[in-house]
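Engineer: This is a predicted model, with the sequence first.
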Amino acid sequence: MVIGAGPNGLVAANMLADAGWDVVVLEAQSTPGGAVRSDRELHPDFVHDTFSAFYPLAVASRAMTSLRLEDHGLAWEHAPAVLGHPFGDGQWAVLHRDRDLTAAGLDALHAGDGDAWLDLCRTWDRIGEPMVDALTSPFPPVRAGARLLPGLARAGGLDTVRRLATPVSSLGRELFGGPAGALLLAGNAGHADFPLDSPGSGVFGVLMSMLGQTVGFPVPRGGAQALTDALVTRFTRLGGRIETDAPVTRVVVRDGAVTGVVTRDGESYDARVVVADVAAPRLFGELVGEEDLPARVVRGMRDFELDPGTVKVDWALTGPVPWAGNPGAAPGTVHIADSVEEMTQTLAQVASGVVPDRPFLLTGQMTTSDSTRSPSGTESFWAYTHVPQPSATRGDAGDEVTGRWDHDDLERFADRMQARIEARAPGFGSLVGARRVLGPHELEARNANLVGGAVNGGTSQLHQELVFRPVPAMRGRAATGVPGLFLGSASAHPGGGVHGAAGANAARAALWQHRLRALPRRRTR
């Protein structure tokens, strides 16, 4: 039994079906996909990805690539350039899949920065593949770690480790003389909820930048739903079954072990194994009562920390975004922040419970990336930004938002976001044919795992990563301490992102536990 048909749940379901298990997936929504879905809600001619949109981790993670989803209808598309960051007076930092093009652009902005970028790429060549494997493997990553250590030694040893541990706000200044390279690293670090002046932000900024350099930021042809459809097609061809509109309200535990689940409609399903693609706060204490959980898990969840909330705006544009100083190759992803210092301040505001007055925006030009998303000459466009969790909002640096995130709050804040784009793309507002704003409450209503608009299943900061995720009692593993129950959501190691690794880790743990139970026991005298 798998609870939740998000990418982690569907990866787990496929792996269990591959092993010959009879698998049923129960999904609360009417459509599978979790945070990997698309729709035509805003305009019938425009496809908008409802939640996530770009998927470098999906093409870098063995959990996903091993399923060979391209054999089940999935096709990837790429924008002419991976990522752009406008700054100054019409200048652009641009990340290409061709490292030499990236380096040439950086060098044109500041002599010497191109060589610094290529040095960083050479370091990644030595450590990148085993690092991704280590980050997405079950904890501890013994095999991947054994491959990573020699690569680190060849890449500079302790000096490289120190550099990766450096906060990204400092790392950019250390590596580059001009602002462009630092903006690329810091903007990519801003995809998670690390404060940019904290350890961990540097390695994440390098990771995302180098993935963009090596695999790009690909999108599924036709919309994010195509990735989900491929996972569903593969699973059902193996005989698996998905029940939609079937929210699970209770995981049944008897005599200390899982025996099944119950849905909102009162339907019971027997199951010896349950993989829960469910946010940890929803699973521990709600679907499973505290009386059925190990005391250490209950205690750990009292300190569990969500990542910030999210506001996402979708636009149906009647023409391409009129970026000032438009780069020669149009990027699929565009980051909006005037400087690393501004980004650092903005994310610090969010962490302190203050709605930012100058939000850092991650934006996506989806028709630029995939021409099927809207009519020729138009653009399916979105932007999202992090805001404090609704329950933790203490104020608004712009003195307009109450923190209730009702309709008026969302429209005011969306205007603030749109003004940031207009400053970098004069005339943007005149191209808006339609606009949709999804705030923390709307996102959670469409996917219960996005608690308060949190997209990563819990903070990505170091105190809740690796062996501490989601709580120290679980030691970074999928086993929950309740026999037969495994956590396979973004709340589990390795965290957020569409890589399927949390689901794969849960499936492996379930298969391993099943094998151990099947082993003959030695008689005692």
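Structural biologist: Perfect, I can see it now. Residues are numbered from 1 along each chain as shown.

Engineer: Quick check: A75 vs G223, distance?
Structural biologist: Distance, A75 to G223, by CB to CB, to the nearest Å: 11 Å. Placement of C-beta: from N, CA and C, glycine included.

Engineer: Look at these two and report which has more neighbours.
Structural biologist: Neighbours per residue (other CB atoms under 10 Å) separate A75 from G223, with G223 holding more: 25 against 14.

Engineer: Could you pull out the strands in the stretch 251-400 of the chain for me?
Structural biologist: For the stretch 251-400 of the chain, applying DSSP state E, counting those that start in this stretch gives strands covering 257-263, 268-270, 274-276, 309-317, 331-336, 354-355, 361-365, 379-387, 395-396.

Engineer: Deepest-packed of those, please.
Structural biologist: Highest mean neighbour count among the strands of the stretch 251-400 of the chain (mean count of other CB atoms under 10 Å): strand 274-276, with a mean of 32.

Engineer: Would you mind giving the strands of the stretch 251-400 of the chain as CSV with distance to R99 and mean pLDDT added?
Structural biologist: Shown next, in CSV, are the strands of the stretch 251-400 of the chain (distance: least, CB to CB, whole Å; pLDDT from 0 to 100):
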stretch, distance to R99, mean pLDDT
strand 257-263, 48, 97
strand 268-270, 50, 97
strand 274-276, 39, 98
strand 309-317, 31, 98
strand 331-336, 16, 98
strand 354-355, 38, 97
strand 361-365, 22, 98
strand 379-387, 27, 98
strand 395-396, 41, 96
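
Engineer: Need the ones you listed in JSON lines (columns: distance to I127).
Structural biologist: Listed next are the strands of the stretch 251-400 of the chain as JSON lines, based on distance: least, CB to CB, whole Å:
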{"stretch": "strand 257-263", "distance to I127": "39"}
{"stretch": "strand 268-270", "distance to I127": "44"}
{"stretch": "strand 274-276", "distance to I127": "31"}
{"stretch": "strand 309-317", "distance to I127": "31"}
{"stretch": "strand 331-336", "distance to I127": "24"}
{"stretch": "strand 354-355", "distance to I127": "37"}
{"stretch": "strand 361-365", "distance to I127": "26"}
{"stretch": "strand 379-387", "distance to I127": "29"}
{"stretch": "strand 395-396", "distance to I127": "42"}
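
Engineer: closest one to L10 among the ones you listed?
Structural biologist: strand 274-276 (10.7 Å; CB to CB).

Engineer: Can you give the distance from that closest one to the centre of its chain?
Structural biologist: 20 Å (CA atoms, centre = their mean, to the nearest Å).

Engineer: Tell me the neighbouring strands of it, and mark each as parallel or antiparallel.
Structural biologist: According to DSSP bridges, strand 274-276 has the following sheet partners: strand 2-3 (parallel), strand 485-487 (parallel).

Engineer: Redo these as a markdown table? Include mean neighbour count, mean pLDDT and distance to P327.
Structural biologist: Below are the strands paired with strand 274-276 laid out as a markdown table (neighbours: other CB atoms under 10 Å; pLDDT from 0 to 100; distance: least, CB to CB, whole Å):
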| stretch | mean neighbour count | mean pLDDT | distance to P327 |
| --- | --- | --- | --- |
| strand 2-3 | 32 | 98 | 43 |
| strand 485-487 | 29 | 98 | 42 |
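
Engineer: And the ones you listed: which comes nearest P167?
Structural biologist: strand 485-487 (29.8 Å).

Engineer: how far does that closest one sit from the chain's center?
Structural biologist: 20 Å.

Engineer: Helices of the stretch 201-350 of the chain, start to end?
Structural biologist: 201-214, 225-237, 280-283, 295-301, 340-351 (DSSP state H, counting those that start in this stretch).

Engineer: So what would you say the end-to-end distance of stretch 369-383 is?
Structural biologist: 15 Å (CA to CA, to the nearest Å).

Engineer: to the chain's geometric centre, what's the distance from it?
Structural biologist: Distance, centroid of stretch 369-383 to centroid of chain: 22 Å (CA atoms, centre = their mean).

Engineer: and the helix or strand R515 falls within, what other elements does it pack with?
Structural biologist: Counting by DSSP states H and E, the element that carries R515 is helix 501-518. Helix 501-518 sits against helix 7-18, helix 62-65, strand 274-276, strand 485-487, with contacts defined as 3 or more CB pairs under 8 Å, 6 or more residues apart in numbering; DSSP states H and E.

Engineer: Can you pull out the low-pLDDT segments for the stretch 101-250 of the chain?
Structural biologist: 139-142, 144 (pLDDT under 70).

Engineer: Which residue ranges of it form strands?
Structural biologist: Under DSSP E, counting those that start in this stretch, the stretch 101-250 of the chain gives strands at 219-220, 241-243, 248-254.

Engineer: Quick one: closest of these to T372.
Structural biologist: Going by CB to CB, the one of the strands of the stretch 101-250 of the chain nearest T372 is strand 219-220, 10.0 Å.

Engineer: Paired strands for that closest one, with orientation please.
Structural biologist: strand 76-77 (antiparallel).

Engineer: where's the partner strand relative to the chain centroid, distance-wise?
Structural biologist: On CA atoms, centre = their mean, the centre of strand 76-77 falls 18 Å from the chain's centre.

Engineer: What mean pLDDT does that strand get?
Structural biologist: For strand 76-77, the mean per-residue pLDDT is 98.

Engineer: Is L95 bridged to anything, and to what?
Structural biologist: Beta-bridge partners of L95, as defined by DSSP bridges: L83.

Engineer: got JSON lines for the strands paired with strand 274-276, with distance to L83 too?
Structural biologist: Output for the strands paired with strand 274-276, formatted as JSON lines (distance: least, CB to CB, whole Å):
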{"stretch": "strand 2-3", "distance to L83": "34"}
{"stretch": "strand 485-487", "distance to L83": "32"}
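
Engineer: Among those strands, which comes closest to A445?
Structural biologist: Across the strands paired with strand 274-276 (criterion: CB to CB), the nearest stretch is strand 2-3, sitting at 18.2 Å.

Engineer: Out of the helices and strands packed on helix 501-518, which is the most enclosed?
Structural biologist: The most buried stretch of these, if neighbours are counted by mean count of other CB under 10 Å, is strand 274-276, with a mean of 32.
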